[in-house]
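Colleague: with the input below, show me the fold.
(chains A and B)
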Amino acid sequence: MENDQLPESKKTPFSRMIMDDFMLLLFLGVTIYAIFYLLWGVMELSNLPTIPEEIKQSLVK
Amino acid sequence: MFRTCDITGFKIDLKAEKLIRANAVFAVISLLLAVIAAILLVFTRYQPVHLLSAEWYYRLVTFHGLNALIYWIIFFEIAGLYFGSTVVLNTRFCAPKLGWFAFALMVAGLVLSDIIILMGKADVMLTSYTPLKADPLYYLGIILFAVGALLAVILFFGNLMIARREKSYGDTLPLFTYGLMTAAIIAVITLASGALIYIPTFLWSMGLIQNVDPAMYKLIWWGLGHSSQQINVAAMVSIWYLVSFLSVGGTSINEKVSRTAFVLYILFICLASAHHLLTDPGVSSAWKVWNTSYAMYLAVLASMIHAFAVPSSFESAQRRWGYNKGLFQWLSKAPWGNPAFSAIILAVIGFGFIGGTTGVIFGMEQTNIIVHNTIAIPGHFKGTVVIGTTLTFMGITYYLIPLIFRRKIVGFKWAKAQPWLFFIGIALLSISMIVLGQMGVPRRHWDSTFSGGPFTYNFNPAVDFFWALMMLGGTLAFIATIIWILIVVISVFFGPKVNGPADMQLKISPLAPQPKAHKGFEAPGTLVLTIVFLLVFIALFFLNWKWLAATWYVH
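Modeller: Model (predicted):
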């Protein structure tokens, strides 16, 4: 609200508000990494079929 | 309690200054440990000497990796974060006691893990892929270090909050501190990944949990391993802007674009960790291509922006100082006698032409297959972390000695030559390793002749030449690093005190004058250099695709 009362020239542009908000940037950075790299990767690895027992045993030997 | 710097005019919190000094000192100690191991490794891989036994080779690969890639870099970055969030912002340190606690944790982690490695209880290399198992104290050492570093990063954010509340800076953070904020955000991602993987591995090493899945380990570990190097990129680029400001009074010709590039780093650069899984069968091509190409290229775009913005900030300032003749007078009349300046320019060149080009090419799923797990990969990151980050950190230290340690630089003539010697050494080392890797020489291998093995492989005879070149480059870089360490240690502990601006051996430039009305582009020389870079990149890009096409014969 305070910002609304400032003269036009004193208003902080929206893009700069975003870019200066380091907590928001931290959130976005962590989220993008967590979704695309971590969760997606973990999901793919978790869905891999288990190695058949006989093949596993032959490899262990 | 504050002092006012009689050279820069900055208000310096004495408690912050002590923490900056302590972290910087341990950074130098870590680098010394790392390069002692490095030279022994170089003379082991150089087959005519083959210095170490296999056991000690892998032990020192672990030791070198941890001290060079983690301890040296992160101690220095913490010093930088404290500097950028207190000195540059004219504000106080938010919690000095916690700062010392973080420092103590980091030192304890370093000492513990290094001792365990040297005792031969952690020959697992930096990646420590499971099921390779080290002593639990090794993992504990790394966890202690990571917790200390994370605490230091939180303190950095605390300092920013104080500075904002006390309005100790203008409307927005200075670009240097903004870049450090980027590094700090990437550090949070990195250290969180580290906690996710090292804590279960620590428990597994104690026998408290039964199994750590190797594929899962690799996926999460690289969230730490590769992202930690992205902290370096952000910190390094921030220092490039700072040195432009200090040495010639330069500022980015479009600060908004430079900030946007830092935001692109925050959003996308950590996805590059997927490079390390490009030959892993467990993850899909969609995952690989999205993370290493489509999204990652936005971070590459950010690097391209900085690669243009940093030299253009130098050029624009130099032109405003009157060095306006032709395309390159701004460069020929640049302050080459200033070792911080020369170090940064050399770092920009090396990072772009060696580390950057190979990073993009080796990071693609297709061309990666030619060099995956070859010595070209460490060759690539010698071109990023060493020629880029380490040389940059060495360069800025020439400013920190008089400004933070308040000492004159002893052996200033040596300091002027040191960045060049280091650059030549690492460039030779890096390029030789990349060429060797293209010829199929494996990485992390004690004996690439496979002597005594059940099978042999005859490499192209040219490898002998490149091994010799690698040894020569490694030796030069080692000598240059020792020179730098001697200059720093002697200056800091025995150097004459700095009593005022007259004692400054490095120029601190006033802000370059405002540009007069000019015709045409503000930085044409940089534009030409950028085009040259792009042509080199395109040539290397297509050369690698040609080599890929020649890998298999199709009848």
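
Colleague: what about the helices in chain A?
Modeller: A:2-5, A:14-20, A:22-32, A:40-46, A:53-60 (DSSP state H).

Colleague: again but with the stretch 251-400 of chain B, I slipped
Modeller: B:255-268, B:285-289, B:296-320, B:329-332, B:339-350, B:357-362, B:365-371, B:376-381, B:391-403 (DSSP state H, counting those that start in this stretch).

Colleague: rounded mean pLDDT for the last one, please.
Modeller: Read that as helix B:391-403. Helix B:391-403 shows a mean pLDDT of 96.

Colleague: output that helix as PDB - backbone C-alpha positions only.
Modeller: What follows is helix B:391-403, C-alpha atoms only, in PDB (Å, rounded to 0.1, in the frame of the first residue of the first chain):
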ATOM      1  CA  LEU B 391      43.000 -18.200 -11.200                       C
ATOM      2  CA  THR B 392      40.300 -15.700 -10.400                       C
ATOM      3  CA  PHE B 393      40.600 -16.300  -6.600                       C
ATOM      4  CA  MET B 394      44.400 -15.900  -6.900                       C
ATOM      5  CA  GLY B 395      43.800 -12.600  -8.700                       C
ATOM      6  CA  ILE B 396      41.400 -11.100  -6.200                       C
ATOM      7  CA  THR B 397      43.800 -12.100  -3.400                       C
ATOM      8  CA  TYR B 398      46.200  -9.500  -4.700                       C
ATOM      9  CA  TYR B 399      43.600  -6.900  -3.600                       C
ATOM     10  CA  LEU B 400      42.700  -8.700  -0.400                       C
ATOM     11  CA  ILE B 401      46.200  -8.700   0.900                       C
ATOM     12  CA  PRO B 402      46.400  -4.900   1.200                       C
ATOM     13  CA  LEU B 403      42.700  -4.200   1.800                       C
END
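
Colleague: you'd agree residue B:219 is in a helix?
Modeller: Yes. Applying DSSP: H, G, I helix; E, B strand; the rest coil, one finds residue B:219 inside a helix.

Colleague: verify the stated contact: it with residue A:42.
Modeller: Yes. Using C-beta atoms under 8 Å, residue B:219 is in contact with residue A:42, at 6.8 Å. (Each C-beta comes from the backbone N, C-alpha and C, glycine too.)

Colleague: point out where chain A drops to low pLDDT.
Modeller: Where chain A drops to pLDDT under 70, the residues are A:1-10, A:61.

Colleague: up against chain B, what does it have?
Modeller: Counting by C-beta under 8 Å from any C-beta of the partner chain, chain A comes close to chain B at A:12, A:16, A:19-20, A:22, A:25-26, A:28-30, A:32-33, A:36-38, A:40-42, A:44-45, A:48.

Colleague: can you rerun that using 7 Å?
Modeller: Residues of chain A lying near chain B by C-beta under 7 Å from any C-beta of the partner chain: A:16, A:19-20, A:22, A:25-26, A:28-30, A:32-33, A:36-38, A:40-42, A:44-45, A:48.

Colleague: of those, select the buried ones using a PyMOL command.
Modeller: The buried residues among these can be selected in PyMOL (16 or more other C-beta atoms under 10 Å in any protein chain shown) with this line:
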select buried, chain A and resi 19+20+22+25+26+28+29+30+32+33+36+37+38+40+41+42+44+45
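
Colleague: which strands or helices does the helix or strand bottoming out on mean pLDDT in chain B pack on?
Modeller: The least trusted helix or strand in chain B, going by mean pLDDT, DSSP states H and E, turns out to be strand B:2-4, with a mean of 85. Strand B:2-4 sits against strand B:11-13, with contacts defined as 3 or more C-beta pairs under 7 Å, 6 or more residues apart in numbering or on different chains; DSSP states H and E.

Colleague: repeat that with 10 Å
Modeller: Contacts defined by 3 or more C-beta pairs under 10 Å, 6 or more residues apart in numbering or on different chains; DSSP states H and E place strand B:2-4 against strand B:11-13, helix B:14-45.

Colleague: identify whichever of these lies nearest to chain A.
Modeller: Among the helices and strands packed on strand B:2-4, the nearest to chain A by C-beta to the nearest C-beta is helix B:14-45 (19.2 Å).

Colleague: how many other residues sit next to the closest residue to chain A within the stretch 1-150 of chain B?
Modeller: Residue nearest to chain A within the stretch 1-150 of chain B: residue B:85 (11.1 Å; C-beta to the nearest C-beta). By other C-beta atoms under 10 Å in any protein chain shown, 27 other residues sit near residue B:85.

Colleague: please report how far the closest residue to it other than its chain neighbours lies from residue B:26.
Modeller: In space, residue B:85 comes closest to residue B:159 once its chain neighbours are excluded; the distance is 3.6 Å by C-beta to C-beta, 6 or more residues apart in numbering or on different chains. As judged by C-beta to C-beta, to the nearest Å, residue B:159 and residue B:26 stand 20 Å apart.

Colleague: for residue B:536, same thing?
Modeller: For residue B:536 relative to residue B:26 (C-beta to C-beta), the value is 38 Å.

Colleague: more neighbours: these two, which one.
Modeller: Neighbours per residue, other C-beta under 10 Å: of residue B:536 and residue B:26, the larger number sits with residue B:26, 21 against 13.

Colleague: the more buried one reaches residue B:72, doesn't it?
Modeller: Yes. Between residue B:26 and residue B:72 there is a contact at 8.9 Å, judged by C-beta atoms under 10 Å.

Colleague: in stretch B:130-147, which residues are buried?
Modeller: Using 16+ other C-beta under 10 Å as the test for burial, stretch B:130-147 gives B:130, B:134-147.

Colleague: does it come close to chain A?
Modeller: No. Using C-beta under 10 Å from any C-beta of the partner chain, stretch B:130-147 stays clear of chain A, coming no nearer than 12.3 Å.
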